[in-house]
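Q: my questions concern the predicted model and sequence given below.
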Amino acid sequence: QVQLVESGGGLVQAGGSLRLSCAASGRTFSRYDMGWFRQAPGKEREFVARTSWSGSSTYYADSVKGRFTISRDNGKNTVYLQMTSLKPEDTAVYYCAADLRIITTSHADYWGQGTQVTVSS
């Protein structure tokens, strides 16, 4: 089992940038597929990005492609989400996710508690 703790959220103006971090517990972090999801008020949680255990394979939602970058540092048990050119519609609670299998756009086994990102216009 893995425990996930997100950080790095906050308030930013449209066009700005933020970097989210997700620190994972345990010695087997490098075995996990890692991802980010988000949930805006009144909306369902949606997939944002995922990375394979090595970081060599990544996948993004169309809405963030070209603006967000997911990466991981297995030596630090941490996965990152670099967000640039932020838009008000990116406002949401962002959740880190982990799975020993490939994370899909609708499922992951483990979740963090989330970090709020608010983009002002």
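A: Nice, I can see it.

Q: please name the nearest non-neighbouring residue to the residue most central in space within the chain.
A: Central residue of the chain (C-alpha atoms, centre = their mean): Trp36, 2.6 Å from the mean position. Nearest residue to Trp36, sequence neighbours excluded (C-beta to C-beta, 6 or more residues apart in numbering): Val48, at 4.3 Å. C-beta here means a position set from N, CA and C on the backbone, and glycine is covered the same way.

Q: quick check: next helix or strand after whatever helix or strand the residue nearest to the centre of the chain lives in?
A: Under the criterion of DSSP states H and E, Trp36 resides in strand 33-39. Next helix or strand after strand 33-39 toward the C-terminus (DSSP H and E): strand 46-51.

Q: list the buried residues of whatever helix or strand comes next after that following strand.
A: Next in sequence after strand 46-51, counting helices and strands by DSSP H and E, comes strand 58-60. Within strand 58-60, the residues that count as buried by 16 or more other C-beta atoms under 10 Å are Tyr59, Tyr60.

Q: report the contact partners of Asn77.
A: Asn77 makes contact with Ala23, Ala24, Ser25, Gly26, Phe29, according to C-beta atoms under 8 Å, 6 or more residues apart in numbering.
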